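Q: requesting a structural model of the entry that follows:
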Amino acid sequence: MLREEEEFSWMMMYRRMKNSDVNGDFLKEVDLNEVRLDPESKHGEAQQTNLEYLLMLEVDSLVWSFRKTAGLPTPGQPYGGWEDPTCELRGHFVGHYMSATAKMWASTHNVSLKVKMAAVVSALSACQDKMGTGYLSAFPSELFDRFEAIKPVWAPYYTIHKIMTGLLDQYLLANNGQALEMVKWMANYFYSRVQNVIAKYTIERHWQSLNEETGGMNDVLYRLYTITEDPKHLMLGHLFDKPCFLGLLAMKADDISGFHANTHIPVVVGSQMRFEVTGDALYKEIGTFFMDIVNSSYSYATGGTSVSEFWSDPKRLASTLQTENEESCTTYNMLKVSRNLFRWTKDMAYADYYERALTNGVLSILRGREPGVMIYMLPLGRGVSKARSYHKWGTKFNSFWCCYGTGIESFSKLGDSIYFEEEGEVPGLYIIQHISSSLNWKSGQILLNQKVEPVVSWNPRLGVMLSISAGEGQGDLNSTLHMRIPFWTHSNGARAVLNGQDLELPTPGNFLSESRKWNPGDKITLDLPISLRTEVIKDDRPEYASIHAIFYGPYLLAGLSGGDWDIKTESAALISDWITPVPADYNSHRISLAQESGNSTFVLANSNHSVSMERLPEAGTDSSVHATFRLIIIDSTSSEFSEPKDAIGKLVKLELFDFPGMVLKHQGRDESLAFTDSSNSSDSIFHFVEGLDGKTGSASLESKSEEGCFLYSGVNYTSSSTVKLSCNAGSSSEAEFKKAASFMLKDGISEYHPISFVAKGVNRNFLLAPLLSLRDESYTVYFNITS
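A: The predicted model follows:
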């Protein structure tokens, strides 16, 4: 085996022969400590939700299995899920936690978080000291004996990678010197371990063992080498480069079908780091080719990849749409690949990909503002729900899947790819994501504030304002701002203004560059049109050419649907002929009709195309969607109203929230209710009157065509009791009838997202909203669009 000193000397000679200052033209990462997200932006809200979760987790529970393995006392209780003391992957989340808290500390400087993350590092250091060999894990080293003997074991190096990376991030982002010494000790332990395997068997035996998932061991070792320059760390990185996979990519063979996606993407990330460390251009080519084939043949509209964790056949994605699409970890790691490629090349395509995957892949895995509730897979089939995948939504203290680890990291570093620096006599700043945030750009000697107006469907534009304030040591320095003009906008109507003067805009898909000495008070505004578009699924079979996803700018739109997906555009020349925006005032027209029965609240709901009383549902569910209606006032002179009670005394219709164009109708006296299209048939028109029960805030709905007959729930009903039209001709008393025909007015439980549209379908219309906005609702991402 080549000794590390010889390896180091050879590599340095190789770099001199290549005469490669490999990092010279790379864009620099902007320090997370210098970026702050706007707390009112969707990214700022996601960051805050994640911070709340990180602060919930207890140090004793996180390190419980580490202490058990080291033979130390174990106060507290261990967590469950993949951190359970019986799980062979235990400890992986703790590594992610150290990375996430380091990144979150840099992003927020939250004092409580710094105390907590320092306590985790200290506790782990005590475990490592107790064992005394450099080994550190939540499971005993016996798992590595099995790994090296090619016996069944669940990915021990995967967990070691997470622990080493967490410690390294604690050093780099939180300046924890203790963490650096710990990761160096771990690297030396595993260097000796791998050396022993190769000496006892062969290097081929070592490569064979890497058929198990090893995470990004090569990546963390190359990163460590940039700090220590210890040749052992360089050589050990090489030994985790997985030649059976990287060799395929080096040969430019599109042959990744059947590979476990998240086993191999981190290896590519590590090979990118090998390029940065050694200057070997082969590894740059590997990363470039890999990104190209995944994007062209294996990626969904979200930017994510994989089905049931594996890559399918290339350009055959139409057959893979189901609940187990897009493992969240793969999106996290593909973003690393694209980020590196952008830093090397400044190619706009990688910035566009980053926006797509971050917006639709990453932001979609949170369940609103609930801390610690995330998903493993992102379903992309017909009539799917994030709540109905195999893993469903995770829980705060009993899941800790791999995707929980990458999830807490993703939401801790949302500011790390908005800005990139270019060094030189005239420094440059690339602004590649339009996210409300501020940057203390020290090398440019300015403070930059980026304010992005919330995007809405009824005003199709993206508004961005960049404001300049005085930075540290501001002098006569000239610098350049490079502002991304996304591919999804268009030149017609686009405008850029600097201090009141129009700037010449490049075509979409390029950077608008402006060089000058920036002064406090300078302002640049971008006004970029947003349009709807469709994108065909990556499937080259002719029979699937009609399957498309629908986008509004960067936002992937999903339709509320139990499985319907057919859209026929007829002779429509423009997409706006069959997709229309939901107006701004529709949220003030939402209504849910409730009644009390016993100690429970029930609401009028569309249940399997019949109308019944159902228990009051939680928002963000199918039940909440089915219990929400839109009031339509028939009298055109009175169509403007700010809240449902303004419709009292008017003729109205009740439109189903998730079936735009379908309204409630009666089918005659004492018959159940049904639905019809929104034509002006009298059986769908009702007088919206004060509640017959005389209570404040109640209302009753009297049929226009059957005067004296009202929507009626019945007396002493239970859940799923059918609602009908009744004229009080039955056995109930007058008081009972008035009670059963009166409903409390509530704001609609479900809301129209500010980015909402209605698409005309073959059998029904679809309410479209961003995939990232959905929680438990049933939806369809791809549509069968024919003309």
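Q: contacts for stretch 60-78?
A: Stretch 60-78 is contacted from outside by 58, 79, 83-85, 90-91, 93-94, 97, 120, 123-124, 126-128, 130-131, 136-140, 397, using Cβ atoms under 8 Å, 6 or more residues apart in numbering. Yep, even glycine has a C-beta here, placed from its N, CA and C like the rest.
Q: likewise for stretch 526-535?
A: Under the contact criterion Cβ under 8 Å, 6+ apart, stretch 526-535 has outside partners 301, 434, 455, 460-466, 483, 485-486, 488-490, 492-497, 512, 548-553, 575-576, 579, 757, 785.
Q: please apply the same query to stretch 702-713.
A: Contacts of stretch 702-713 (Cβ under 8 Å, 6+ apart): 595, 602, 604, 613, 651, 666, 668-669, 673, 682-683, 685-687, 689, 692, 700-701, 721, 723-728, 737, 740-741, 743.
Q: could you list the buried residues of that stretch?
A: Using 16 or more other Cβ atoms under 10 Å as the test for burial, stretch 702-713 gives 702-704, 706, 709-713.
Q: same question for stretch 301-314.
A: Of all the residues in stretch 301-314, those buried under the rule 16+ other Cβ under 10 Å are 301-307, 309-312, 314.
Q: stretch 49-69 now?
A: For stretch 49-69, burial by neighbour count (16+ other Cβ under 10 Å) applies to 49-51, 53-54, 57, 59, 61-69.
Q: of these, which belong to helices?
A: 49-51, 53-54, 59, 61-62, 64-69 (DSSP state H).
Q: export those residues to TSV and tack on pLDDT and distance to residue 274?
A: Formatted as TSV, those follow (pLDDT from 0 to 100; distance: Cβ to Cβ, whole Å):
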residue	pLDDT	distance to residue 274
49	98	36
50	98	31
51	98	34
53	98	34
54	98	31
59	98	35
61	98	37
62	98	32
64	98	36
65	98	32
66	98	30
67	98	35
68	98	36
69	98	32
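Q: can you tell me which of the residues you listed is nearest residue 557?
A: Nearest to residue 557 among those is residue 49, at 23.0 Å by Cβ to Cβ.
Q: the strand ranked longest in the chain pairs with which strands, and in what direction?
A: When the chain is parsed with DSSP state E, its longest strand is strand 461-470. Using DSSP bridges, the strands paired with strand 461-470 are strand 446-452 (antiparallel), strand 523-529 (antiparallel).
Q: give the other helices and strands that the following helix or strand past that strand contacts.
A: Of the helices and strands lying after strand 461-470 in sequence (DSSP states H and E), the nearest is strand 479-485. When contacts are defined as 3 or more Cβ pairs under 8 Å, 6 or more residues apart in numbering; DSSP states H and E, strand 479-485 sits against strand 428-431, strand 510-516, strand 523-529.
Q: pLDDT weak spots in the stretch 651-787 of the chain?
A: Where the stretch 651-787 of the chain drops to pLDDT under 70, the residues are 678, 680, 715, 719, 729-732.
Q: helices of that one, start to end?
A: In the stretch 651-787 of the chain, the helices defined using DSSP state H, counting those that start in this stretch lie at 734-740.
Q: output the below-cut-off pLDDT ranges for the protein.
A: In the chain (pLDDT under 70), the answer is 1-24, 473-475, 636-640, 678, 680, 715, 719, 729-732.
Q: just want the most central residue of it.
A: Geometric centre of the chain, nearest residue: residue 362, 1.8 Å, by Cα atoms, centre = their mean.
Q: where does that residue sit: helix, strand or coil?
A: Three-state assignment for residue 362 (DSSP: H, G, I helix; E, B strand; the rest coil): helix.
Q: which of the contacts of stretch 702-713 count as buried?
A: Applying 16+ other Cβ under 10 Å to the contacts of stretch 702-713 flags 595, 602, 604, 613, 651, 666, 673, 683, 685-687, 692, 700-701, 721, 723-728, 737, 740-741, 743 as buried.
Q: which one of the buried residues of stretch 301-314 is nearest residue 323?
A: residue 307 (10.0 Å).
Q: state the distance from the closest one to residue 313.
A: 10 Å (Cβ to Cβ, to the nearest Å).
Q: kindly report the same for residue 542.
A: 16 Å.
Q: check residue 755 too.
A: Distance from residue 755 to residue 313, counting by Cβ to Cβ: 34 Å.
Q: try residue 325
A: 15 Å.
Q: which SS class is the closest residue to residue 176 other than its chain neighbours?
A: Nearest non-adjacent residue to residue 176, counting by Cβ to Cβ, 6 or more residues apart in numbering: residue 170, 4.4 Å away. When classified by three-state DSSP, residue 170 comes out as helix.
Q: right, I'll leave it there.
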